[in-house]
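Visitor: turn this into a model:
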Amino acid sequence: LAASRCIHERLRKLSALTDELLCTLGQRAELPECMALVAVGGFGRSQLFPYSDVDVLLLVPGVIATENAPTLCEKVEIFIQHCWDVGRESGSSVRTISECLDESRRDVTVQTSLLEARWLCGDAALFADFQQQFRAQLDVPAFRVAKALEMQQRHPTYENTPYALEPNCKESPGGLRDLQIILWIAQAAGLGSSWQELAASGMATPFEVRQIERNHAMLCLIRARLHLLTGRREDRLVFDLQTAVAESL
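Guide: Below is the predicted model:
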């Protein structure tokens, strides 16, 4: 379908528009220049669905003068309030580089989210320092084992089959999350962050990549249509929505 071929471009455009919005809100909140506003998670990989959370990290310097701390907290609160005021649900965290590294060591979900971190505005040098330190402490074999275990624990929750009558296009076996796990592990190992890069590194054949890209795009299109049809974050292809989604295609 023609629509599935351009779905990734549309998701990137939505991400780019949200980038501009957040940077503008950061300026209005007068966030200090010593901070960096960073996109993480799905937003970080520029794959923002219509009603997905906008996950951001406010990266702050390791040392903040005591007299400046209350002002910094106030400006961060104003920024978060602005995000809610414009109707974007923002999953936000405020951390130093060392706090990011500590959290990522304790929680593989945080580690995965930070793997896809993308600079939006603010102190670019601070963000570059974070990326360097994060990559240096990333234990690739442990990350691979943790993500595989996470997948094995998730599948039974969704009937452990890709043939469910009302599948969750994101979380069910064979859904978007399983495809993302492949790319996360490849990215952590330095093998690439896209299907084309995996083919270039010899991890997949051109034919396999074409098949994966086509099906990945279709799943993304179905998820986007579910969001738009329901006006909320909805990833389940339930009976009541199946006809409407089919007709929208």
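Visitor: OK, contacts around the residue most central in space within the chain?
Guide: Centroid check for the chain by Cα atoms, centre = their mean gives G42 as the closest residue, at 1.5 Å. Contacts for G42 (Cβ atoms under 8 Å, 6 or more residues apart in numbering) come out as 48-49, 52, 55, 116. No exception for glycine: its C-beta is placed from N, CA and C like everyone else's.
Visitor: do the same with W119
Guide: 36-39, 127.
Visitor: in this protein, where is pLDDT below threshold?
Guide: Along the chain, segments meeting pLDDT under 70 span 1-4, 63-70, 89.
Visitor: in it, what residue spans correspond to helices?
Guide: In the chain, the helices defined using DSSP state H lie at 2-5, 7-28, 41-44, 69-85, 97-106, 108-115, 124-137, 140-154, 176-188, 195-200, 206-230, 239-248.
Visitor: and the fifth one, which residues are buried?
Guide: It refers to helix 97-106. 97, 100-101, 103-104 (16 or more other Cβ atoms under 10 Å).
Visitor: swap in the fourth one?
Guide: Buried positions in helix 69-85, judged by neighbour count with 16+ other Cβ under 10 Å: 72, 75-76, 79-80, 82-83.
Visitor: possible to save the helices of the chain as CSV with distance to E166?
Guide: Output for these, formatted as CSV (distance: least, Cβ to Cβ, whole Å):
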stretch, distance to E166
helix 2-5, 21
helix 7-28, 22
helix 41-44, 23
helix 69-85, 32
helix 97-106, 34
helix 108-115, 25
helix 124-137, 38
helix 140-154, 17
helix 176-188, 16
helix 195-200, 28
helix 206-230, 12
helix 239-248, 6
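Visitor: on that earlier part again, against T18, how distant is the residue nearest to the centre of the chain?
Guide: For G42, the distance to T18 equals 11 Å [Cβ to Cβ, to the nearest Å].
Visitor: next: Q153.
Guide: Relative to T18, Q153 is positioned 31 Å away (Cβ to Cβ).
Visitor: out of the two, which sits in the more crowded spot?
Guide: T18 (20 against 9; other Cβ atoms under 10 Å).
Visitor: does V38 have beta-bridge partners, and which?
Guide: Legend: beta-bridge partners of V38 under DSSP bridges are L57, W119.
Visitor: how about the contacts made by it?
Guide: By Cβ under 8 Å, 6+ apart, the neighbours of V38 are 44, 56-59, 117-120, 127, 130.
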